[in-house]
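Peer 1: sequence first, predicted model second:
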Amino acid sequence: MAGQQQLGFTTPQHPHPLDVFGLDGLYRTTWGGTVLGDSLEVLQSLPDDSVDLVITSPPYALHFKKEYGNADQGEYIDWLLPFAREIRRILSDTGSFVLNIGGAWTPGKPTRSIYTYKLLVALVEDVGLELAQEFFWYNPAKMPVPAEWVTVRRIRVKDSVEFVWWFSKTPFPKASNRNVLRPYSKDMIRLNKKGIRATKRPAGHVINEGFAKINNGGSIPPNVLDEHVPTDLLKFGNNAANDPYTKRCKQAGIKIHPARFPVILPEFFIKMLTDPEDVVIDPFTGSNTTGMVAEALERRWIGIDLDESYLEASKFRFDSVEASPAVPIPSTSNGKPKRQQSKNSIVKQA
C-alpha cells in the first residue's frame, strides 16, 4: 500500500492507557486493554481532552432486533447523544470521532427511515461536533432484506452501503491522507510515462501538461471503503466464517459477535487520523477489531463493552504462534481486577 506506515512491534514510550485513566481492565496487551462495563460511565470517568480518536459502530436502530440489543428508531437518537457529548468532551482539539452507522427501513413500508439523517443533524447542531467528511462502507455481504420488498415482491434492491461519518472537535483535526495512499492505477502509470496534452474538462477543471508527471507516492483514496482496499492486515468481511477469530470462538464454544467490524475501517482511520502512541477508544468494542488494529499500528487503545463473553472471545484477536496472548487481569480479594503488565504481543491475523 503506497504511503503506508511500516508495522513494527516496539515497547511503548508512554504509560499504558489503563493505568493513565485508572481503569480496571478485563485483560491487557502491550498497547491497550479492554474494560467490562457501561461505556457511558467509563467515558464519563475520563478527563477532558485526553483521547485522540474514538472509532466505533454502536448497535444500529434496526427494524428487527439483534441479540445484543438495539434501541428502536424513535429512541435511537436520544440514546446515542449522551455518548456523543462525552466523546466530544474527551477528544483533544485535534482529535476525531469516527462513527459507523447503518440505515434502516420504515416498519411495514418499503421506504427508508430518515433517522440517520436526523442523527447526523443532531450530532452537529446539538452536540457541537464538526462533520469533517462523510465516508461510505460498501459491504457486499449484507443480506437482501427486508425480504418482503427485496426477494418476495422484488420492488427494492439490496442495501449494501453503510455510513461512516468522520467528526471532529474542531474544523482542523489531525489528519494526513499521505498515510492511506493507494497504489497508482495502470492508467495513471501509463499517463505518467506517456504524458497528456493540456486540456479543459467540460466541468471547467483545467488539466495542464504536468498533471500526469506528478508522483506523490500514491493515489489519494476516495471516501468509499470496500473489501478491495489494500491493507497491511489480513482482512475479512464481517460475515467471515473461517477467519482465526471465528475458528477460535467455535473451538472454545464461545459466542461469536454477530456484527463485526471489517479490518479496513479502523485501519484506514487510525492511519489517517493518529500518530504512533496516540490513544484510540472504541466504546462499543464487541469482538475488538479496533483494538487488534491499534495494537498492530502501535497506538494505545481501550475497548469497552457490556458483554463479558464478547470480550473474552476478543482475546483470540491477539493470538499468533510467535506472540504472547492477551493477558487476563486477575481479581484481588475484593473482586476487582488487578492490573498486570503483559509481555509484548503481536497481531498477525484478523
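Peer 2: Nice, thanks for sending it over.

Peer 1: leaving out chain neighbours, which residue sits closest to Leu123?
Peer 2: With sequence-adjacent residues excluded and distances taken as Cβ to Cβ, 6 or more residues apart in numbering, Leu123 is closest to Leu129, at 5.1 Å. C-beta coordinates here come from the backbone N, C-alpha and C atoms, glycine included.

Peer 1: correct me, but the one you found touches Leu81?
Peer 2: No - between Leu129 and Leu81 no contact is recorded; they are 10.7 Å apart, counting by Cβ atoms under 8 Å.

Peer 1: who has more neighbours out of those two?
Peer 2: The neighbour comparison of Leu129 against Leu81 (other Cβ atoms under 10 Å) goes to Leu129, with 25 against 15.

Peer 1: any low-confidence regions in the stretch 201-350 of the chain?
Peer 2: Low-confidence segments of the stretch 201-350 of the chain, defined by pLDDT under 70: 201-215, 227-261, 320-325, 330-350.

Peer 1: can you do 80?
Peer 2: In the predicted model, the stretch 201-350 of the chain carries pLDDT under 80 at residues 201-217, 227-261, 319-350.

Peer 1: go on, the stretch 51-200 of the chain?
Peer 2: The stretch 51-200 of the chain contains residues with pLDDT under 80 at 60-74, 184-200.

Peer 1: give me the domain ranges for this protein.
Peer 2: 17-182+220-328, 184-217 (automatic domain parsing).

Peer 1: give me whichever of those domains is most buried.
Peer 2: domain 17-182+220-328 (a mean of 19; mean count of other Cβ atoms under 10 Å).

Peer 1: I'd say Ile281 and Val54 touch.
Peer 2: Yes - Ile281 is within contact range of Val54, at 5.0 Å (criterion: Cβ under 8 Å).

Peer 1: so how far is Pro276 from Asp291?
Peer 2: Slight slip there: residue 291 is Gly, not Asp. 16 Å (Cβ to Cβ, to the nearest Å).

Peer 1: actually, Leu123.
Peer 2: When Leu123 is compared with Pro276 (using Cβ to Cβ), they lie 29 Å apart.

Peer 1: quick one, phi/psi of Phe97?
Peer 2: phi -130, psi 120 (degrees, to the nearest 10).

Peer 1: overlap in contacts of Ile281 and Val54?
Peer 2: Jointly contacting Ile281 and Val54 under the rule Cβ atoms under 8 Å, 6 or more residues apart in numbering are Ile90.

Peer 1: got any residues that touch both of Leu129 and Leu81?
Peer 2: Jointly contacting Leu129 and Leu81 under the rule Cβ under 8 Å, 6+ apart are Leu123.

Peer 1: need the helices for the protein, in chain order.
Peer 2: Ranges of helices within the chain are 17-20, 39-45, 73-90, 115-125, 147, 186-194, 244-252, 264-273, 289-296, 308-314, based on DSSP state H.

Peer 1: for Pro328, find the nearest of these.
Peer 2: helix 308-314 (8.9 Å; Cβ to Cβ).

Peer 1: then that closest one to CSV, C-alphas only?
Peer 2: Taking C-alpha atoms only, helix 308-314 is exported to CSV below (Å, rounded to 0.1, in the frame of the first residue of the first chain):
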residue,chain,number,x,y,z
GLU,A,308,-18.2,-10.2,29.0
SER,A,309,-18.5,-13.1,26.6
TYR,A,310,-17.7,-10.9,23.6
LEU,A,311,-14.6,-9.5,25.4
GLU,A,312,-13.5,-13.0,26.4
ALA,A,313,-13.7,-14.1,22.8
SER,A,314,-11.9,-10.9,21.6
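
Peer 1: helices and strands around it, which ones?
Peer 2: Judged by 3 or more Cβ pairs under 8 Å, 6 or more residues apart in numbering; DSSP states H and E, the packing partners of helix 308-314 are strand 32-36, helix 244-252, strand 300-305.

Peer 1: can you do 7 Å?
Peer 2: strand 32-36 (3 or more Cβ pairs under 7 Å, 6 or more residues apart in numbering; DSSP states H and E).

Peer 1: what residues does the strand it packs on touch?
Peer 2: The contact list for strand 32-36 (Cβ atoms under 7 Å, 6 or more residues apart in numbering) reads 17-18, 23, 25-27, 42, 285, 288, 291, 294-295, 300-305, 308, 311, 314.

Peer 1: orientation of it relative to helix 289-296 in degrees?
Peer 2: Here strand 32-36 runs at an angle of 160 degrees relative to helix 289-296 (axes from the mean of the first three to the mean of the last three Cα atoms, to 10 degrees).

Peer 1: and strand 32-36 with strand 300-305, angle?
Peer 2: Using the same axes, to 10 degrees: strand 32-36 against strand 300-305 is 20 degrees.

Peer 1: parallel or antiparallel, which strands does strand 32-36 pair with?
Peer 2: strand 27-28 (antiparallel), strand 300-305 (parallel) (DSSP bridges).

Peer 1: and Pro58, how far is that from Trp79?
Peer 2: 9 Å.

Peer 1: now Asp278
Peer 2: Asp278 is 28 Å from Trp79, by Cβ to Cβ.
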